[in-house]
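>>> Quick one, structure for this:
(chains A, B and C)
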Amino acid sequence: MEHHLALSARGVQMEYRDRQSGKRLLALENVDLDVPDGAFVSLLGPSGCGKSTFLKIVNGLLRQTSGEIKLHRVAKGREDAMVFQDASLFPWYTVTDNVAYGLVCAGVSRKAARERVQPFIDLVGLGGFGDKYPYQLSGGMQQRANLARALAVDAAILLMDEPFASLDAQTRELMQAELLRIWNAARKTVVFVTHQIDEAVFLSDRVVVMAARPGRVIADITIDLPRPRELSVKRTPLFQDYGERIWGLLAGRQEETASQGRAS
Amino acid sequence: MTGGPALVARPAAGAPARLRGALGERVFYGLIGFVGVLLIWEATAQLGLYRKSLLSTPSAIWQAAATDIANGELWPHVSLSLTEFAIGFVLSLVLGVPLGLLIGWFRRVDYLFSGLLAGLNAMPHVALIPLIILVAGIGMESKVIVVFLWTFFAVVVTTFNGVQTTARKHLEITRSFGGSQWLAFRTVVLPSTLPFIISGVRIGAGRALVGVVSAEFLAANRGLGFYISLYGTFLDTARVMLGIVIFGILGVVIGELVRVVERRFEVWRPDLHH
Amino acid sequence: MARASTADGPTFRTVLPRQRRRRSAAQRWYRRNERLVLSLLGIVAFFAVWQLGADAGIVDRFFFSSPSEVAIAGWAELQRARFWEDVRVSSVELAVGSALAVIVSVPLGLVIGWYRRLSYAFDPWLNFLNALPRVALIPLVVLWVGLGVEMKMLIVFLGAVFTIMVATVEGVRTVERQLLDVARSFRASEARIFTSLVIPGTLPFIISGLRIAVGRVLAGVIIAEFYAQTQGVGVMIAKAAATLQSDRMMFGVVLVTLLGIILYEAVGYAERWFQRWRPSLDLEETT
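So this is what the prediction gives:
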């Protein structure tokens, strides 16, 4: 499955200068990351570790201060598309228009875009809700629409920025299972940012653990759980081992994982 | 509470309290208040508790309305005031909304105008009436200018505030999907500014009405403001009150019209559906 | 744009870092103070265009005067006793009228807002009076109290009283249900709830009502003075206009504008201070 790299980052740094104090803040320090085509990779870390910043740099919303990022070219569509955090739908658009917006940005006419997004609305399980406005949807449904908008532009890589962070625990689990189903159907590369350990382990092929101040990668852990995964996998000892090891890393006990090694 | 020797009684809510729904209750007490005040007004005046010339009475106002509508005296005044209002108001929207959008969208244009606009907006524009009458005479033109000025600044300021409060998050989405600035303007800035534009229209409409009245008081030979001030000098309180009531009704009707427009254009706002 | 920095390779698109631009100290200073510099520039440009336009004869001096003439006329005005008398009268009218409005409207608004049924009963009248252009009441008020200071105080009072009352009622109504439930669950007395919860919760609304009232109060006092033609800054403006002294008239306009700015800033400051803990509130300004 892993024919080529979808994304490759080398020595990416992001530096801010505080306007008042003039002090330099290192949001990202020397980040290297390779993501093979079709892989599901999570960036996991506390707030302030630069995981969202990295995603925004890949997407082009921010520019790094040094280092470079390579994205594998695609024949049609885009290289990457972003699934934002909560409340990123336009409240003045219906679900259909929101999902079509990515295509409209790419220059497709509103009418044609509306027709083209129907399959994606069905894929994320929002069939029949196309004419609703965001305020009429639950948080979980809003994030389905958010996902459909990114899927509709037919990007090779989906960049997901804590998409389930504001959902309640039950909806979140449901959406995790849904995401895996959709990922299976759509065959995309996914870079998923989260601060929840079990979410990262459950979804990913690899979990890249990051630390804050300065934001950097401290471990890269391959998750060897069989696919397709059901939610029940969360109760297996292997799953819980992974969880504890990552928890230990985040808590600063890095010696426990010395054997795991660091990638690249 | 636990372990206390005695239990505290919790009486059930009385049945009648649940009979009337919240909305019904609102209308019910609203009507009582409205009719009640009218009755007290009429009764106290008829009983001679104060001079009728101070406030007139609802029945006398009704009589004055019936006479002046029947003999066609009232209508020319009302229609002139409405015309002045409409022309000035539409002009200020046509010029004010684009200017507000422009100022809000370009950061440097905003900086350039922000101090000036804040000053012009804080200015009591009524102070300009003598100048405007000097320049444009006592005809309809001067009132149209007054209405225009009042409304214009309200519309510009609220519109550009609206553009500036456009959520960064939403603008980021257009950028993320590679949409142009122009697309962001049409699909993000315009819709999210609309509520502000409409509230500018509401504020402007209220001010425009004040403009009409003030200008007509000071220099006019026709119009509703002139009607009020004319009968004021004749000590005809009923007709003064009639003019005031009509202005009040205009104010309420214009406010309601704005609300209708708001509902029509902002179906996506949950707070407008109760 | 988002993709501007990309170098194109055959199989990979490369996102390159941002180019650093070297900036001189002056450029950096400008970038930090751009807002202030440009807004001052805007104001200066306005007066410059007015002055130059008047000098060149594009702006009609007869009507609009020019900044330098206005300044000279203003200086002369400051030496005159009559001017200070006008200022004193207008200030007293404003102060007394506004103070009365606050004294009457706040307690009434608290009571009306607290008793739901009472508020429903008063709603139609409050809405009507709030939508009515208050200046329309001037001839009526003249019938009541004549053309003196009392009339102008009453107009100022009427201009502010309903606005503040509506805001107060709104404030009491939106005192957060949850906090009320907390207080009730602790068996707080109604009086206690009122003083510890309702009044502080309503304060920001009252101040917002005041802010909206500022414009009305100023407009009210000026129109009332125009109408009565007795004493006050409004009379000074009207008389100057009637005698075609456009420089004096413009000085009056500038003066009331400054007053407006100061009042708005003061109330706005108070508003921000009281709303430190509350997101800004969108009260309808009608008339």
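
>>> For stretch A:228-248, give the mean pLDDT please.
For stretch A:228-248, mean pLDDT is 92.

>>> Any idea how far apart the tips of it sit?
Chord length of stretch A:228-248, first to last residue, is 27 Å (CA to CA, to the nearest Å).

>>> Can you get me a residue count around the nearest residue to residue C:263 once chain neighbours are set aside?
Once flanking residues are discounted, residue C:263 sits nearest to residue C:214: 4.8 Å by CB to CB, 6 or more residues apart in numbering or on different chains. All C-beta spots, glycine's among them, are computed from the backbone N, C-alpha and C. Residue C:214: 25 surrounding residues under other CB atoms under 10 Å in any protein chain shown.

>>> which ones are touching residue C:214?
C:260, C:263-264, C:267 (CB atoms under 8 Å, 6 or more residues apart in numbering or on different chains).

>>> Just send those back as JSON lines, with neighbour count, distance to residue B:227 and secondary structure too.
Output for the contacts of residue C:214, formatted as JSON lines (neighbours: other CB atoms under 10 Å in any protein chain shown; distance: CB to CB, whole Å; DSSP: H, G, I helix; E, B strand; the rest coil):
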{"residue": "C:260", "neighbour count": "23", "distance to residue B:227": "30", "secondary structure": "helix"}
{"residue": "C:263", "neighbour count": "21", "distance to residue B:227": "33", "secondary structure": "helix"}
{"residue": "C:264", "neighbour count": "17", "distance to residue B:227": "33", "secondary structure": "helix"}
{"residue": "C:267", "neighbour count": "18", "distance to residue B:227": "35", "secondary structure": "helix"}
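
>>> Closest one to residue C:230 out of these, please.
residue C:260 (22.1 Å; CB to CB).

>>> Output stretch C:49-64 as PDB, nothing but the C-alphas.
Below are the C-alpha coordinates for stretch C:49-64, written out as PDB (Å, rounded to 0.1, in the frame of the first residue of the first chain):
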ATOM      1  CA  VAL C  49      -9.000  70.100   2.200                       C
ATOM      2  CA  TRP C  50     -11.600  72.400   3.900                       C
ATOM      3  CA  GLN C  51      -9.000  75.200   4.300                       C
ATOM      4  CA  LEU C  52      -7.400  74.900   0.900                       C
ATOM      5  CA  GLY C  53     -10.800  74.500  -0.800                       C
ATOM      6  CA  ALA C  54     -12.000  77.700   0.900                       C
ATOM      7  CA  ASP C  55      -8.800  79.500  -0.100                       C
ATOM      8  CA  ALA C  56      -9.100  78.400  -3.700                       C
ATOM      9  CA  GLY C  57     -12.800  79.300  -3.800                       C
ATOM     10  CA  ILE C  58     -14.000  75.700  -4.400                       C
ATOM     11  CA  VAL C  59     -15.700  75.500  -1.000                       C
ATOM     12  CA  ASP C  60     -18.100  78.400  -0.600                       C
ATOM     13  CA  ARG C  61     -16.800  80.500   2.300                       C
ATOM     14  CA  PHE C  62     -20.100  82.200   2.600                       C
ATOM     15  CA  PHE C  63     -21.700  79.000   3.800                       C
ATOM     16  CA  PHE C  64     -18.900  76.900   5.200                       C
END
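
>>> right, is it up against chain B?
Yes. Counting by CB under 8 Å from any CB of the partner chain, chain B has neighbours in stretch C:49-64: C:63-64.

>>> Report the distance from that stretch to the chain centre.
Mean C-alpha position of stretch C:49-64 versus that of the full chain (CA atoms, centre = their mean, to the nearest Å) differs by 30 Å.

>>> got the contact list for it?
Counting by CB under 8 Å, 6+ apart, residues outside stretch C:49-64 touching it are B:131, B:134-135, C:65-69, C:244, C:246, C:250.

>>> Please, which helix or strand holds residue B:54?
Using DSSP states H and E, residue B:54 sits in helix B:52-55.

>>> which strands and helices sit next to that helix?
Contact partners of helix B:52-55 among helices and strands, from 3 or more CB pairs under 8 Å, 6 or more residues apart in numbering or on different chains; DSSP states H and E: helix B:22-46, helix B:237-265, helix C:138-145.

>>> what comes into contact with it?
Helix B:52-55 is touched from outside by B:41, B:45, B:60, B:235, B:237, B:241, C:143-144, with contacts defined as CB under 8 Å, 6+ apart.

>>> again with stretch A:229-241
If you take CB under 8 Å, 6+ apart as the criterion, stretch A:229-241 is touched by A:173, A:176-177, A:180, A:198, A:201-202, A:224-226.

>>> tell me which residues in that stretch are buried?
A:229, A:234, A:239 (16 or more other CB atoms under 10 Å in any protein chain shown).

>>> If we only consider these, which is nearest to chain C?
Relative to chain C, the closest of those is residue A:229; by CB to the nearest CB it sits at 31.0 Å.

>>> Validate this expectation: the closest one resides in a helix.
No. The assignment for residue A:229 is coil, going by DSSP: H, G, I helix; E, B strand; the rest coil, so no helix is present there.

>>> For residue C:17, what are phi and psi?
Dihedral angles of residue C:17 (phi, psi; degrees, to the nearest 10) stand at phi -70, psi 160.

>>> Isn't it up against residue A:64?
Yes. Using CB atoms under 8 Å, residue C:17 is in contact with residue A:64, at 5.0 Å.

>>> okay, these two: which has more neighbours?
Neighbour count, other CB under 10 Å: between residue C:17 and residue A:64, residue A:64 has more, with 26 against 18.

>>> Verify the contact between the more buried one and residue A:57 for me.
Yes. Under the criterion of CB under 8 Å, residue A:64 makes contact with residue A:57 at 5.0 Å.

>>> returning to what we had before: tell me which residues of the helix holding residue B:54 are tucked away?
residue B:55.

>>> cool, stretch B:232-247 as well?
Neighbour counts using 16+ other CB under 10 Å place B:232, B:236-247 of stretch B:232-247 among the buried residues.

>>> so, in contact with chain C or not, it?
Yes. Legend: contact between stretch B:232-247 and chain C by CB under 8 Å from any CB is shown at B:232-233, B:235, B:237, B:240-241, B:243-244, B:247.

>>> Longest helix in chain A, by number of residues?
helix A:169-186 (DSSP state H).

>>> Tell me the secondary structure of whichever residue of chain B sits closest to chain A, please.
Here the residue of chain B nearest chain A is residue B:179; by CB to the nearest CB that distance is 3.3 Å. Classification of residue B:179 using three-state DSSP returns coil.

>>> Could you measure from residue C:60 over to residue C:247?
13 Å (CB to CB, to the nearest Å).

>>> Residue A:171 now?
According to CB to CB, residue A:171 stands 70 Å off from residue C:247.

>>> Neighbour count: the two, which is higher?
Each of residue A:171 and residue C:247 has its neighbours counted (other CB under 10 Å); residue C:247 has more, 21 against 17.
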